[in-house]
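J.: the following comprises the amino acid sequence and a computationally predicted model.
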Amino acid sequence: MHGKIMNASFDALVIGGGIAGGEAALNLANNGFKVLIVEKDLSIGGKMILLSKVFPTLDCSACITTPKVSEISRHPGITIFTGSEVKSISRKSETSFEAVVIKTPRYVIGEDCTGCQLCEQACPVLVHDQFQYNLVGRKAAYIPFSIASPRVAAIDIENCTLCGACEKVCPTKCIDFTQEEEEYCIDVKTVIIATGFNLFDPLKIPRYGYGTYKNIITSMQMERQLAPTRPFNTILRPGDGKVPDRIAYVLCTGSRDMTVGNPICSQICCMYSIKQAQLLMGALPMADVTIYYINIRSFGKGFEEFYDQAKGMGVNFVKGKIGKITENENGNLNLRYEDINENVVRESEHDLVVLSVGVLPNTDSKALFHDGDLKLDPFSFVDQADPLASPSKTSIDGVFVAGTATGPMDIPDSILSAGASSAEAISYLNRRL
Ligand SMILES: Cc1cc2nc3c(=O)[nH]c(=O)nc-3n(C[C@H](O)[C@H](O)[C@H](O)COP(=O)(O)OP(=O)(O)OC[C@H]3O[C@@H](n4cnc5c(N)ncnc54)[C@H](O)[C@@H]3O)c2cc1C
Ligand code: SF4
Ligand code: SF4
């Protein structure tokens, strides 16, 4: 059910408010253009805002993201719709597009919410917290996470029992269950696709036991445990809350693997696993950390040195392909693997296993262009029409792509790509003004 349909116009529409979309929007706005960011989550910042530290410098990810996110949200030239999605984009004229955007209700009047969290404390409903990758619970009335932007509560209406406890305690009376979905018809001159990437779902490899054995987690779940906005004050294995002391990483989970339909290298998993191993050595000095790998791809500036640093700190590197993971009675895990150097099959026991999950395409943007003329590449990422001369151009004139929407890449490359994309968009706009 829609509330009113509203019209608006902007110079540029940026789809996705991760680091790439945010950076592209800032560049456009700093050059005097009016920008709309449409973000489907309740906060901008994408995956970067949820990370611990970044390779290879070990700078704090949240400390880099939060000032950037705050600059984006305060910029007078940028409007942000969170909890929103683009339904369709069609060409209106040679120089403009019409985008239909759906803003889902938050059931909280954003301008009046102080972020006091009283609603959260009063709400009796507990569900999995998607921003902590299901490691802990959250309430049906909740602030997404402490450094969310905007730091405004939302009501998860699917799980809400409408008991009214949150309304009663809210000091500013900003909870509003009458809010309805809003539809906007937006006129834009250019579009930047910055919808990012999806993470590989390890349930697709049943022999690894993810989802069956509780002490197997994904790298994003470990990232959350190491982040400043972490769910616990230390590292815990989910099965019994024990602090682990023999941790294993399984690289290339869902990457370079035709059996799951993904032949490509995810480019970031080797390095983020080496980063996490170093952070774990700091957090749990007595723990053994072993990384099982097929090849270590430390291809970037400072990456090989970062790999050497991990070896120097005592991280074990085993060239081994994992065949199967099984669970012992005490919740520990047996890894059966092919020792590639020795050409023998071995077994080893660990008390926590981290699956270094790969980068998959987010194909959302394909369906937005009703004429069907947005091309994807053979791996289903947004196709770069001219990858060598103009890497941010897509198959549609006036539509550009930024960051991991074009393929796996790390944060510096996503920011570079956003720079290129916004520069192309600015030059496109200037040619048509
Ligand atoms: C475990 C892990 C650790 C990592 N560690 C590091 C590190 O240490 N250093 C490093 O350089 N990189 C690291 N990375 C990589 C880093 O996360 C990415 O390079 C970066 O997040 C890419 O930014 P992006 O904006 O392209 O995509 P994303 O971060 O995926 O952002 C995309 C945004 O678009 C939104 N969106 C998606 N679809 C739609 C839609 N249809 N409509 C509206 N909005 C939409 C999403 O909600 C999201 O906010 C790590 C990644 C993982 C998984
Ligand atoms: S009305 Fe819904 S969100 Fe509010 S306290 Fe009750 S269950 Fe929680
Ligand atoms: S909705 Fe009300 S109670 Fe909840 S955080 Fe906002 S101001 Fe506080």
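T.: Happy to help now that I have it. Ligands and ions are numbered 1, 2, ... in the order given.

J.: what sits against the residue of the stretch 201-350 of the chain found nearest ligand 2?
T.: Residue of the stretch 201-350 of the chain nearest ligand 2, by C-beta to the nearest ligand atom: residue 231 (20.3 Å). For the C-beta atoms, the positions are set from N, CA and C on the backbone; glycine is no exception. With contact taken as C-beta atoms under 8 Å, 6 or more residues apart in numbering, residue 231 is in contact with 129, 132, 135, 136, 224, 225.

J.: so it is in which element?
T.: Residue 231 is part of no helix or strand, with elements assigned from DSSP states H and E.

J.: any idea how far it lies from residue 223?
T.: Going from residue 231 to residue 223 by C-beta to C-beta, to the nearest Å gives 11 Å.

J.: residue 103 bridge partners, please.
T.: residue 84, residue 182 (DSSP bridges).

J.: just the buried ones from the contacts of residue 231?
T.: 129, 132, 135, 224, 225 (16 or more other C-beta atoms under 10 Å).

J.: quick one, grab the pLDDT at the fourth one.
T.: It refers to residue 224. Looking at residue 224, its pLDDT reads 98.

J.: hey, where'd the strands end up in the stretch 51-200 of the chain?
T.: For the stretch 51-200 of the chain, applying DSSP state E, counting those that start in this stretch gives strands covering 53-54, 59-60, 78-81, 84-93, 96-103, 126-128, 137-139, 141-142, 154-155, 181-193, 197-199.

J.: right, and these - which one's nearest ligand 2?
T.: strand 141-142 (3.7 Å).

J.: low-confidence ranges in the stretch 251-400 of the chain?
T.: 372 (pLDDT under 70).

J.: ok, for the closest residue to ligand 2 within it, nearest residue in space, not its chain neighbours?
T.: The nearest approach of the stretch 251-400 of the chain to ligand 2 comes at residue 364, 28.1 Å away (C-beta to the nearest ligand atom). Spatial nearest neighbour of residue 364, excluding adjacent residues (C-beta to C-beta, 6 or more residues apart in numbering): residue 195 at 5.3 Å.

J.: would you agree that neighbour is in contact with residue 366?
T.: No - the criterion here is C-beta atoms under 8 Å, and residue 195 misses it with residue 366 at 10.1 Å.

J.: more crowded one of these two?
T.: Taking neighbours as other C-beta atoms under 10 Å, residue 195 and residue 366 compare with residue 195 leading, 29 against 15.

J.: secondary structure element holding residue 415?
T.: Short version, using DSSP H and E: residue 415 is in helix 411-432.

J.: ignore what I typed, I meant residue 345.
T.: Here residue 345, judged by DSSP H and E, is contained in strand 344-350.

J.: so what touches stretch 269-281?
T.: 52-56, 58, 219, 222-223, 226, 235, 247, 249, 251-253, 255, 287, 289, 291, 293, 296-298, 300, 303, 306-307, 309-310, 313-315, 354, 356-359, 410.

J.: buried ones among the residues you listed?
T.: Here, 16+ other C-beta under 10 Å leaves 52-56, 219, 222-223, 226, 235, 247, 249, 251-253, 255, 287, 289, 291, 293, 296-298, 300, 303, 306-307, 310, 315, 354, 356-359, 410 buried among the contacts of stretch 269-281.

J.: for the stretch 101-250 of the chain, what lies in contact range of ligand 2?
T.: 122-123, 125, 140-141, 155, 160-166 (C-beta under 6 Å from any ligand atom).

J.: right, and the pair among those residues with maximum separation?
T.: Pairwise distances across those (C-beta to C-beta) peak at 13.6 Å, for the pair 122 and 162.

J.: between those two, which one's more packed in?
T.: A count of neighbours by other C-beta under 10 Å puts residue 122 above the other of residue 122 and residue 162, at 17 against 10.

J.: contact partners for that one?
T.: Counting by C-beta under 8 Å, 6+ apart, residue 122 has contacts 141, 165, 166, 168, 169.

J.: and if you look at residue 23?
T.: Residue 23 neighbours (C-beta under 8 Å, 6+ apart): 68, 402, 414, 415, 418, 419, 422.
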